[in-house]
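# I would like the atomic coordinates for the input below:
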Amino acid sequence: MIKLHQGQGLDIYWRDHYICPTEEEYVDMVLKKTGGLMMLAFDLMFIFRNQADSTLDYVTGRYFLETFSKFFQIRDDYCNLWDVKYAANKSYCEDLTEGKFSWVIVQGVLKR
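Next up, the predicted model:
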């Protein structure tokens, strides 16, 4: 849970201080913020798994969730800008109006 708050804190800090993170910093934030709850759920499932079940590999599971977390957040950042259905559930370009440094903004700033 601490990593989840650290990731949220980074997101807020960058927004409030107008600091554009590097790609590595952004991915680190995503793994803490978006991946935090997924990792917590996975860790709990791993701890309480059937000990006789040797098919669940911890390292592979964590790697999959890290990859999925990055995909999920970057997809969410893109949908926030271009998906009409997404805008119906949230506001249009919510990340931009909130001043967040989403993946799209980070790429735009760093590649200028």
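
# drop to CA atoms for contacts and neighbour counts, all remaining ones
Will do.

# Now do the contacts for Leu4.
Contacts of Leu4 were listed using CA atoms under 8 Å, 6 or more residues apart in numbering, and they are 32-37.

# Ok, Ile12 next?
By CA under 8 Å, 6+ apart, Ile12 lies in contact with Lys100.

# any idea which helix or strand carries it?
Per DSSP states H and E: Ile12 is located in helix 2-17.

# Who are the packing partners of the helix or strand following that helix?
As assigned by DSSP H and E, the chain's next helix or strand after helix 2-17 is helix 23-47. Using 3 or more CA pairs under 8 Å, 6 or more residues apart in numbering; DSSP states H and E, the elements in contact with helix 23-47 are helix 2-17, helix 58-82, helix 103-110.

# sorry, back to before: can you pull the alpha-carbon coordinates of the helix holding Ile12 into CSV?
Listed in CSV are the C-alpha atoms of helix 2-17, where the atom choice follows Å, rounded to 0.1, in the frame of the first residue of the first chain:
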residue,chain,number,x,y,z
ILE,A,2,2.9,2.3,0.6
LYS,A,3,4.1,2.0,-3.0
LEU,A,4,0.6,2.9,-4.2
HIS,A,5,0.7,6.2,-2.2
GLN,A,6,4.3,6.9,-3.4
GLY,A,7,3.1,6.5,-7.0
GLN,A,8,0.1,8.8,-6.4
GLY,A,9,2.4,11.2,-4.7
LEU,A,10,4.8,11.3,-7.6
ASP,A,11,1.9,12.0,-10.0
ILE,A,12,0.7,14.9,-7.8
TYR,A,13,4.2,16.3,-7.2
TRP,A,14,4.9,16.4,-11.0
ARG,A,15,1.6,18.0,-11.7
ASP,A,16,1.9,20.7,-8.9
HIS,A,17,5.5,21.6,-9.7
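
# for it, which positions count as buried?
3-4, 7-8, 10-11, 15 (16 or more other CA atoms under 10 Å).
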